[in-house]
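Enquirer: Give me a 3D structure for the following:
(one chain, ligands or ions: 1)
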Amino acid sequence: MAYNLLKGKKGIIFGALNSNSIAWKVAEKAHEEGAEIVLTNTALAIRMGELDELAQKIGAHMIPADATSVADLENLFSKTMEIFGGQIDFVLHSIGMSPNVRKKIPYDDINYDFFSKTLDISALSFHKMIQVAKKMDAIKEWGSIVALSYIAAQRTLYEYNDMADAKAVLESIARSFGYIYGREKHVRINTISQSPTPTTAGQGVKGFSALMDFTERMAPLGNASADECADYCITLFSDLTRKVTMQNLYHDGGFSSMGMSSRAMIQYNKSLECKECKENPLNHPDE
Ligand SMILES: NC(=O)c1ccc[n+]([C@@H]2O[C@H](COP(=O)([O-])OP(=O)(O)OC[C@H]3O[C@@H](n4cnc5c(N)ncnc54)[C@H](O)[C@@H]3O)[C@@H](O)[C@H]2O)c1
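Expert: This is a model prediction of the structure:
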């Protein structure tokens, strides 16, 4: 059900790759809520992905941009303002990639060139897009910028690797730039810390299915889906949240406030029946 929350608003959505992508769902919902959209992703992702299909469905323009390239971002914001005939109301940063995660390199044997790439793609790109937008005065007063984060920024999670560091930087950029952009132009900047979600990026993390099962058992409301995340993004782009800024907002069914739940404890107790765990409790083969 649509509420016309974004009627007349115009936004750029980074990071829709296929129909599982969180950004894909956000684009669909933003369109349903009355927004006009420009979709962007790397040239390779546009060639390899299914973005054409989404663009046609929601009548969006598509402009390629590598979010680590300031020149690409300048081109993106300038072309978008031409298409929209003026400033932009909202921007979604839905971008993440770690070569160390992809190549399954452990955190204590990290490749530093890859680590720099992780930080550049997953975190510094957020700073770059905001800085470019601000210099070009591309965002309307009371506009809204949102990026997607994960609780590994605060708590250590098995196998999340250098993406944890990238998310910590991402959330910090939202606060540091949120202050400046808020003070000068009333533009708000927030991050949403989303539950594990079965997307291309999510499923690249080792042990992802077990992690989703664990968080589902721990969260009193269960994991939040990509569709539900899109709903939350829409509220942050809308005029109903004009005084929310510099926040990292958990969208995880309550997981972030839990220590142990009865559903997770039942499963944990079952694992204590495991013969291998009993024989060698501190060195289980799955560790
Ligand atoms: N899936 C999860 O479990 C989960 C949980 C919390 C947060 N997030 C975050 O949500 C965001 C979206 O990821 P997703 O899960 O929808 O996966 P996804 O794989 O569908 O999206 C990741 C996107 O990043 C884009 N990208 C990579 N390098 C880029 C670059 N240099 N320039 C521009 N775009 C680039 C990819 O092309 C892709 O579209 C990411 O920030 C991710 O970390 C995901």
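Enquirer: Show me the shaky parts of this protein.
Expert: Along the chain, segments meeting pLDDT under 70 span 277-278, 280-287.
Enquirer: Could you check how far the residue of it positioned farthest from its centre is from E273?
Expert: What lies farthest from the middle of the chain is E279; by CA atoms, centre = their mean that is 41.1 Å. When CB to CB, to the nearest Å is the yardstick, E279 and E273 sit 12 Å from each other. Bear in mind the C-beta positions are built from the backbone N, C-alpha and C, glycine included.
Enquirer: got it, and L6?
Expert: 51 Å.
Enquirer: who has more neighbours, those two?
Expert: L6 (24 against 8; other CB atoms under 10 Å).
Enquirer: so which helix or strand takes in the more buried one?
Expert: L6 is part of no helix or strand, with elements assigned from DSSP states H and E.
Enquirer: residues contacting I22?
Expert: The neighbours of I22, taking CB atoms under 8 Å, 6 or more residues apart in numbering as the test, are 15, 94, 148, 194, 197, 199, 226, 229-230.
Enquirer: Try it again at 6 Å.
Expert: I22 makes contacts with 94, 226, 229, as judged by CB atoms under 6 Å, 6 or more residues apart in numbering.
Enquirer: next one: I63
Expert: 38, 40, 76, 79.
Enquirer: likewise K243?
Expert: Per CB under 6 Å, 6+ apart, neighbours of K243: none.
Enquirer: Quick check: which element contains K243?
Expert: Using DSSP H and E, K243 sits within no helix or strand.
Enquirer: What separation do you get for it and the ligand?
Expert: 25 Å (CB to the nearest ligand atom, to the nearest Å).
Enquirer: How much space separates the spatially most central residue of the chain from D165?
Expert: For the chain, the residue nearest the mean C-alpha position is L148 (2.4 Å; CA atoms, centre = their mean). Taking CB to CB as the measure, L148 and D165 are separated by 16 Å.
Enquirer: Could you count how many residues lie near whichever residue of the stretch 101-250 of the chain sits closest to the ligand?
Expert: Residue of the stretch 101-250 of the chain nearest the ligand, by CB to the nearest ligand atom: G202 (2.7 Å). Neighbours of G202 under the rule other CB under 10 Å: 20.
Enquirer: Same question for the one 4 residues further on.
Expert: K206 sits with 13 neighbouring residues when counted by other CB under 10 Å.
Enquirer: follow-up on the earlier one: make sure the residue nearest to the centre of the chain is indeed in a strand.
Expert: Yes - counting by DSSP: H, G, I helix; E, B strand; the rest coil, L148 is part of a strand.
Enquirer: Any idea what it is bridged to?
Expert: Beta bridges link L148 to I192, judged by DSSP bridges.
Enquirer: For the nearest residue to Y160 once chain neighbours are set aside, give me its contacts.
Expert: Leaving aside its sequence neighbours, Y160 sits nearest to A152 (CB to CB, 6 or more residues apart in numbering; 4.1 Å). If a contact means CB under 6 Å, 6+ apart, then A152 has 160, 164, 167 as its contacts.
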